[in-house]
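Visitor: Quick one: sequence and predicted model below, then my questions.
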Amino acid sequence: MRTRVFSAPKVPAVFLRFWVVKLLTTGIGETGSDFLGTVSIPLAAIIGIGAFFAALQVQLRAETYHPVRYWATVLSVALFGTAVGDATAIDFGLGFTWSILLFAVLIVVPLGLRKLGLNVTVAFWASYVLTRPLGASVADWLGKGTHDGGVGWGTGPVTGIGLLLFAALVAYLAMTHSDVDHAAVHARDSTVSKPDPALDVTP
C-alpha cells in the first residue's frame with residue numbers, strides 16, 4: 001500500500017493570538033475603507049477588490065500555512081468592510097458603545113455552545129464572522145468624531161495604529177510560529193496507511 005502524505009494545514013492554530021490579529025484586521029478594514037472612501041469611493045473599491053483577488057490567488061497556491069500569506073488574505077477581505085456594525089450603531093440607533101458590548105457578548109456564545117456539544121466547525125465560523133462587526137464597531141468608536149458618538153481620533157490615525165499593531169503581531173507569528181499546531185502537523189505528516197492483511201501475499 002502507498003504511504004499517504006498529508007500536507008501541513010493552510011490555516012493557523014486557533015489560539016487567543018489568532019483572535020487578536022483577526023480583530024485588528026477587521027478594524028483596519030473598516031477604517032481603511034472609510035478613509036479611502038473620503039478620497040475616492042471608486043478608488044477604495046478598486047484597491048479592495050484588487051488586494052482581495054491578489055491575496056486570494058497567493059493563498060490558494062500555497063501548499064502550507066504561512067502567517068504573512070494567510071493574514072494578507074484576511075486583511076484584504078476586511079477591506080470590503082462590514083455593514084453589520086454600522087447598521088447596529090447607526091441604523092438601529094444603538095451607538096458604538098452598545099454595539100461593541102453586543103458583539104462582545106455574541107462572540108463568546110459559540111464558545112459556550114461548543115461546551116454543550118455544538119459542532120466545532122460551526123462554532124469557529126460563527127465566532128469568525130462576529131469578529132467583523134465587533135472590530136468594525138471598535139474602529140468606528142475610535143475613529144468617528146465626538147459629535148457622532150466616537151472618540152475622535154480620526155480614521156487615518158486609527159488605521160495607522162492598527163496597521164502597526166497588525167504588522168508587529170504578524171511578524172512575531174512569522175518568527176516564532178507560535179500559532180502553528182506543531183503536534184497536529186507532525187501527526188499528519190507522519191501518518192502512514194497500514195497495509196490490509198488480506199492483501200498480503202508474502203510467503
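Guide: Yes, it's here. Numbers count the residues shown, from 1 in each chain.

Visitor: For the rest of this, base every contact and every neighbour count on C-alpha atoms.
Guide: Will do.

Visitor: Arg114 - how many residues pack around it?
Guide: For Arg114, the count of nearby residues is 16 (other Cα atoms under 10 Å).

Visitor: buried stuff in the host helix or strand of it?
Guide: Assigned by DSSP states H and E, Arg114 falls within helix 109-115. By 16 or more other Cα atoms under 10 Å, the buried positions in helix 109-115 come out as Pro110, Leu111, Arg114.

Visitor: Who are the packing partners of that helix?
Guide: Identification of packing neighbours for helix 109-115 by 3 or more Cα pairs under 8 Å, 6 or more residues apart in numbering; DSSP states H and E yields helix 120-143.

Visitor: Could you list the buried residues of the helix or strand just after the helix it packs on?
Guide: Reading on from helix 120-143 to the C-terminus, the next helix or strand found by DSSP H and E is helix 155-176. By neighbour count with 16+ other Cα under 10 Å, helix 155-176 contains the buried residues Thr155, Gly156, Val158, Thr159, Gly162, Leu163, Leu165, Phe166, Leu169, Val170, Leu173.

Visitor: now for helix 155-176, which elements pack on it?
Guide: Judged by 3+ Cα pairs under 8 Å, 6+ apart, helix 155-176 is in contact with helix 16-39, helix 67-78, helix 120-143.

Visitor: got these as a markdown table, with mean pLDDT columns?
Guide: Formatted as a markdown table, the helices and strands packed on helix 155-176 follow (pLDDT from 0 to 100):
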| stretch | mean pLDDT |
| --- | --- |
| helix 16-39 | 73 |
| helix 67-78 | 72 |
| helix 120-143 | 80 |
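
Visitor: closest to Gly50 out of the ones you listed?
Guide: Closest to Gly50 of these is helix 67-78 (Cα to Cα; 8.6 Å).

Visitor: circling back: now the helix holding Arg114: average pLDDT?
Guide: Per-residue pLDDT values over helix 109-115 give a mean of 89.

Visitor: Can you give the contact residues for it?
Guide: Contact with helix 109-115 is made by Leu118, Val120, Ala123, Phe124, Ala126, Ser127, as judged by Cα atoms under 8 Å, 6 or more residues apart in numbering.

Visitor: Export it to PDB, keeping only CA atoms.
Guide: These are the backbone C-alpha positions of helix 109-115, laid out as PDB (Å, rounded to 0.1, in the frame of the first residue of the first chain):
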ATOM      1  CA  VAL A 109     -21.800  32.500  22.700                       C
ATOM      2  CA  PRO A 110     -20.400  29.900  20.200                       C
ATOM      3  CA  LEU A 111     -17.800  29.000  22.800                       C
ATOM      4  CA  GLY A 112     -20.400  28.300  25.400                       C
ATOM      5  CA  LEU A 113     -22.500  26.300  22.900                       C
ATOM      6  CA  ARG A 114     -19.300  24.400  21.900                       C
ATOM      7  CA  LYS A 115     -19.100  23.200  25.600                       C
END
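
Visitor: tally of neighbours for the nearest residue to Ala104 once chain neighbours are set aside?
Guide: Nearest non-adjacent residue to Ala104, counting by Cα to Cα, 6 or more residues apart in numbering: Leu134, 6.6 Å away. Residue neighbour count, defined by other Cα under 10 Å, stands at 27 for Leu134.

Visitor: Kind regards, and thank you for your time.
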